[in-house]
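Asks: Kindly generate the corresponding structure for this input.
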Amino acid sequence: MVGALLCVATVTAAPASAGPGGSSQRALDLGPSGLPESRTVQRIQSGVTLTRIRRGAPDPAAVWVVEMSVPSGASSPDPDAPPRSVQDRATAEAFAARLTGAGFPAQAQPVRQPRVADVSAGVIGYRVRLRTTFPTQEAATAEVARVTAAGFSGRAWYSGWDGGSAARGPWTVNVVTVNPRQFRGTLRGTFGPTLADREKTTQLAALTRAKVALNAGFFVFDPKAGAEGDPAGAGVYRGRLLSEPVGRRPVLVLHDGAQQSEIVRPSWSGVVQLSARTARVLDGINRVPGLIRNCGGTRDDVVTWRPLHDVTCTDDDEMVLFTRAFGRTTPSGPGAEAILDRSGRVVSVQPSRGAALGADQRSLQATGNLAPAVAALRPGHQVRASLTLRSGARRLTGQGTTVINGGPLLMQRGAVHITQRRDGMHHEDEPSFDYGWFLQRNPRTFAGIDARGRTLFVTVDGRQPGELGLSIPETAAVAKSLGMTEAINLDGGGSTAMVIRGSLISHPSDASGERAVGDAIIIR
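Replies: Down below sits the predicted model:
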């Protein structure tokens, strides 16, 4: 039993009103209007409620299809690029004709982008699907096998996962509302024993004895992109700045007492004083030098210094500071490394990277043309590092402060305001990314603040026939329906998870079950 059951309600289309748990009772702006919608509200602890919303029902009109990987053609922007799910019209139509000629009737279909704050509405490209539809996943998968045997590549896909489709559900939306006027607990972020490891949200909940836990920010997932578990963006935990931001991408700022939660675009600076005459700009904190997940670093980074989601930018010449929060050992590789004591005094200098850190030690790593400056340090030298994360003139560090990375921005000042391009979720030369990540329905985790100063945390299951998930435009619409005035998207997909009193109440989409993540938001 999670807690006292406060309310069970069925809603079809009602004006906004505050229910017993404090959440908006307006029907969600999701799917066709007039869908059945039920809500249960449960008290978790003083000032914290869980609202579980079930909207719609399985739709017999939603079918399984076979969606093809479309090879590049002569008219493609990059004729040498690998197959993609979205190509230009001429390439997609030529490929559909080729499939049809091979005995697999197919058609090219436009993929439409809705207008958001910084991207115009329009057709971003064309996908190719077989004309035949299938009543079950098994039947679609069998057709994929036939297509593969004929030398093509495709996937079985449920049409209800198409963003903006007319599918009538179902959706499961879990909403945790924290009212600071009544809350007497602790609200914060946690990353487990070290940054350079991943744990499941259920494990982080158990480690902290949290009554509520949900997955939080983006993180490094592939070892080729850095240290697994490392936040791929800003990270402040218990007031300590442990990870630098991705450009000016938005972040969620929380405080232990749930007072004055906010969403801001931070700025950061990092400078290390190597000697009285020598200062260097820090490229990062607690990440593998040379690998900048989601980009958004300095102007000499490749392929871009702007945020670019799910892309790892590179820079051969970097200086990165490490704390024990990263792990007991620092990343190994070419370059130089200086071990510093608690006061910043150099303990030792190594001609390559990779060292074990003591409890009160930090280290400074450098690569490429910055390595000689670190290699020239000597034991006893004083090194001073200055790190600041700000919103305007105000520091986003200090006792009881948490900063969680995310994006894109969903709402601002009470209006839907999706900054897809600015936050790196628009890939100009790769429409397949926009299609799969932004426009299609996926599991989502997001958070926001309402007009009464309450903080809301939301998970929505997806990638299952019984759990459709949300596109990013739909995520913003749901945030508004829930009464949020400010909202931000957090990590989603297979990472989406919500834990209440030790029990996982969401349904992870990964075939292997709950995913280990970089950090979590906890309430206790």
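
Asks: now the helices: where do they sit in this structure?
Replies: 89-101, 137-149, 201-208, 371-375, 431-433, 472-481 (DSSP state H).

Asks: I'd like those written out as CSV, with mean neighbour count, mean pLDDT and distance to A447 added.
Replies: All C-beta atoms are positioned from the backbone trio N, CA, C, and that covers glycine. Formatted as CSV, the helices of the chain follow (neighbours: other C-beta atoms under 10 Å; pLDDT from 0 to 100; distance: least, C-beta to C-beta, whole Å):
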stretch, mean neighbour count, mean pLDDT, distance to A447
helix 89-101, 18, 97, 37
helix 137-149, 15, 98, 32
helix 201-208, 21, 98, 14
helix 371-375, 19, 97, 39
helix 431-433, 22, 97, 23
helix 472-481, 23, 98, 9
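
Asks: closest to L252 out of the ones you listed?
Replies: Using C-beta to C-beta as the measure, helix 472-481 is the one of these that comes nearest L252, at 12.8 Å.

Asks: The closest one packs against which elements?
Replies: Judged by 3 or more C-beta pairs under 8 Å, 6 or more residues apart in numbering; DSSP states H and E, the packing partners of helix 472-481 are strand 409-412, strand 415-416, strand 444-450, strand 455-460, strand 484-489.

Asks: Now mean pLDDT too, for the ones you listed, in TSV please.
Replies: Below are those laid out as TSV (pLDDT from 0 to 100):
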stretch	mean pLDDT
strand 409-412	98
strand 415-416	98
strand 444-450	98
strand 455-460	98
strand 484-489	98
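
Asks: Let me have those strands in TSV, extended by distance to L396 and mean neighbour count.
Replies: TSV is the format used below for the helices and strands packed on helix 472-481 (distance: least, C-beta to C-beta, whole Å; neighbours: other C-beta atoms under 10 Å):
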stretch	distance to L396	mean neighbour count
strand 409-412	17	24
strand 415-416	24	14
strand 444-450	16	25
strand 455-460	16	26
strand 484-489	14	25
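
Asks: between the ones you listed, which gets nearest to S38?
Replies: Set against S38 and scored by C-beta to C-beta, the helices and strands packed on helix 472-481 come closest in strand 455-460, at 15.4 Å.

Asks: Now do the closest one against strand 484-489: the angle between them, please.
Replies: 50 degrees (axes from the mean of the first three to the mean of the last three C-alpha atoms, to 10 degrees).

Asks: Any regions of this protein where pLDDT drops low?
Replies: The chain contains residues with pLDDT under 70 at 1-25, 76-81.

Asks: quick one: contacts for the most far-flung residue of it relative to its centre?
Replies: Here the chain reaches farthest from its C-alpha mean at G380, the gap being 42.1 Å by C-alpha atoms, centre = their mean. When contacts are counted by C-beta atoms under 8 Å, 6 or more residues apart in numbering, G380 is found next to R345, V346.

Asks: Likewise for the one 5 residues further on?
Replies: The neighbourhood of A385, defined by C-beta under 8 Å, 6+ apart, consists of G270, V271, V272, Q273, L282, L321, G344, R362, L364.

Asks: If we use 7 Å, what do you get?
Replies: A385 sits next to V272, L282, L321, G344 when contact means C-beta atoms under 7 Å, 6 or more residues apart in numbering.

Asks: Next, give me the two most distant ones among those residues.
Replies: Most distant of the contacts of A385, by C-beta to C-beta, are L282 and G344, 13.4 Å apart.

Asks: from what I can see R209 touches R524, true?
Replies: Yes. The pair R209 / R524 is scored as a contact, 5.9 Å apart, by C-beta atoms under 7 Å.

Asks: So between the two, which is more surrounded?
Replies: Neighbours per residue (other C-beta atoms under 10 Å) separate R209 from R524, with R524 holding more: 15 against 9.

Asks: Can you get me a residue count around the nearest residue to that one once chain neighbours are set aside?
Replies: Distance criterion C-beta to C-beta, 6 or more residues apart in numbering; nearest residue to R524, sequence neighbours excluded, is A210 at 4.6 Å. For A210, the number of neighbouring residues by other C-beta under 10 Å comes to 25.

Asks: gap between A210 and S165?
Replies: 36 Å (C-beta to C-beta, to the nearest Å).

Asks: for T208, same thing?
Replies: Look at T208 and S165: by C-beta to C-beta, they are 39 Å apart.

Asks: Equivalent analysis for G56, please.
Replies: 12 Å.

Asks: right, and the helices of the chain - which one's nearest V403?
Replies: Proximity to V403 (C-beta to C-beta) singles out helix 201-208 among those, at 17.0 Å.

Asks: what angle sits between the closest one and strand 455-460?
Replies: Helix 201-208 and strand 455-460 meet at an angle of 140 degrees, taking the same axes, to 10 degrees as the criterion.

Asks: and helix 201-208, C-alpha only, in PDB?
Replies: Extracted C-alpha coordinates of helix 201-208, given in PDB (Å, rounded to 0.1, in the frame of the first residue of the first chain):
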ATOM      1  CA  THR A 201      16.600   4.000  -9.900                       C
ATOM      2  CA  THR A 202      15.300   1.300  -7.500                       C
ATOM      3  CA  GLN A 203      18.900   0.900  -6.200                       C
ATOM      4  CA  LEU A 204      19.300   4.600  -5.700                       C
ATOM      5  CA  ALA A 205      16.000   4.700  -3.900                       C
ATOM      6  CA  ALA A 206      17.200   1.900  -1.600                       C
ATOM      7  CA  LEU A 207      20.600   3.500  -1.000                       C
ATOM      8  CA  THR A 208      18.900   6.700   0.100                       C
END
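
Asks: That one - contacts with which helices or strands?
Replies: strand 212-215, strand 498-500, strand 520-523 (3 or more C-beta pairs under 7 Å, 6 or more residues apart in numbering; DSSP states H and E).

Asks: repeat that with 10 Å
Replies: Secondary-structure packing of helix 201-208 (3 or more C-beta pairs under 10 Å, 6 or more residues apart in numbering; DSSP states H and E): strand 187-190, strand 199-200, strand 212-215, strand 498-500, strand 503-504, strand 516-517, strand 520-523.
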